[in-house]
Each structure stands twice: as structure tokens, then as C-alpha cells.
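>>> Here's a sequence, model it:
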Amino acid sequence: MTIQLYAFDTPNGRKISVALEEMGLPYEVHIVDIGKGEQFDPFFARISPTHKIPAIIDTDGPAGEPISVFESGAILIYLGEKTGLFWPRDPAAHVAVLEWLMFQMGGFGPIPGQVHHFIALKDEDERRYGLTRFMAETRRLYAVMDQRLADHEYFAGALSIADFAILGWAWRHPRHKVDLADFPHVQRWYEVMMARPAVARGFAVPLRHG
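Modelled structure (predicted):
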């Protein structure tokens, strides 16, 4: 069966296209153009009640029944459970994956996302305050990642869904004004990740119209 991926060309959308490629799962893309408000389409709202991308429909879900999943972190966990890939069963390794996945979901995503928001503001006073606050916190998160990767090849030891989650946002480092050269261990990890053939395919998937 083919998984139906509803997504757009954003960090959260790219997490899932990369994971699907790495896991070797067949999928079809349905572009949800959030710039045009397509996330409010009644059909999409049924599978993503928060009106956010990404979401998936797996027609071969638990017990062979269809299931829809929204929230990128939940999708990654679901796909890891489904395939047994990049989702370790060893308890200690399992905890490490959860820790770094939650790190991304709770911090390294919402915070650089605020940088993206304030960069776009035209009011200089609003722009300056927001960028000062959220760029500093974004750099702190990069420093946390750099320290972790100083003695770990990947965030949870072995390659995992946590790496796919974090990669989606690290991909946007130019937009949140971070030079990876300032964080050499993150830079090493990023280059290794982006060199993976399945990751390259995941980023090459068209997630915009035209």
C-alpha cells in the first residue's frame, strides 16, 4: 500500500519526505499550499484538525485498517513503529531518541520559527526585539546540539528519527541566520546527513505547485 503524504516545502514537511525515503516506503505526495490557505480545506481538516502540515494517511494501518496521523513528531514515531527502522527497541537507546525528538519538537523548531517570523516584519522596533530574543535562543540550541555531537555521531547514537526531525530545521539555517561553521560538530553531522542518497531524494521531492 502507498502512504499518502500531505505536505508543503517547510522543515516539518521535509522531515517526513526524508523519513519515507530512508525507510523505503512507497508514498504519494499531495501538496497543501499553506500560502494559499489550502490547509483549511475540509478534507484536510479531517486528517489534520490543527490545520497544519504534514499529515499522512496509511491505508494499511494497524490491523490492516486505514489510519491518518498528524503532527510531524507523531508521524515519525508511527513510521518508526511501522517499519522498525530508526526507532530502537533497546530501552536506553529508545529514550535517547525520544529525548532528542522532543528537543526538536519543543525547541529547535518553534524558536527558529520565531526568527523566520520576525525577520519578515517591516516595523524595525518589533523586528529588532524579536530577533534579539529569538536569535540568541536559536544559537543556544545550536550550541546544545554541538555539544551533543562532539562525542556522538548522531543525536541518539545510531541514526534515528530524531536526526530526521532536527535535519528539517537545520536545513533552514541560512534563513535563521546561523553559520554552521560556528558549530563545527553540527556542521559535520549536517554534511553527513545531506550526503545520504535517501536524504537527497527526500529533499528533492516537489512539495510546491509548479
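
>>> all strands for this protein, in order.
With strands called from DSSP state E, the chain shows them at 3-7, 27-31, 55-58, 67-70.

>>> any chance of the ones you listed in CSV, plus mean pLDDT, distance to F155 and mean neighbour count?
From N, CA and C alone the C-beta is placed, and that goes for glycine too. As requested, the strands of the chain are arranged in CSV below (pLDDT from 0 to 100; distance: least, CB to CB, whole Å; neighbours: other CB atoms under 10 Å):
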stretch, mean pLDDT, distance to F155, mean neighbour count
strand 3-7, 98, 23, 22
strand 27-31, 98, 24, 16
strand 55-58, 98, 23, 23
strand 67-70, 98, 22, 17
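
>>> E38 is nearest to which of those strands?
strand 27-31 (7.9 Å; CB to CB).

>>> Report the angle between the closest one and strand 3-7.
Taking axes from the mean of the first three to the mean of the last three CA atoms, to 10 degrees, strand 27-31 and strand 3-7 form an angle of 30 degrees between their directions.

>>> What strands flank strand 27-31, and is each parallel or antiparallel?
strand 3-7 (parallel) (DSSP bridges).

>>> Make TSV out of the strands of the chain and add distance to E191.
Supplementary listing: the strands of the chain in TSV, determined by distance: least, CB to CB, whole Å:
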stretch	distance to E191
strand 3-7	25
strand 27-31	26
strand 55-58	29
strand 67-70	31
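
>>> Please name whichever of the ones you listed is nearest to H185.
Shortest distance between H185 and these, using CB to CB, is found for strand 3-7: 29.3 Å.

>>> Run through who's touching that closest one.
With contacts defined as CB atoms under 8 Å, 6 or more residues apart in numbering, strand 3-7 is touched by 13, 16-17, 20, 25-32, 44, 47-48, 53-59, 207.

>>> Distance check, the closest residue to Y27 other than its chain neighbours against P66.
Counting by CB to CB, 6 or more residues apart in numbering, I3 is the residue found nearest to Y27 once chain neighbours are left out, at 4.2 Å. Taking CB to CB, to the nearest Å as the measure, I3 and P66 are separated by 11 Å.

>>> Please enumerate the shared neighbours of those two.
With CB under 8 Å, 6+ apart, I3 and P66 have common neighbours 57-59.

>>> so P66 makes contact with I57?
Yes. Using CB atoms under 8 Å, P66 and I57 qualify as a contacting pair, with a distance of 6.4 Å.
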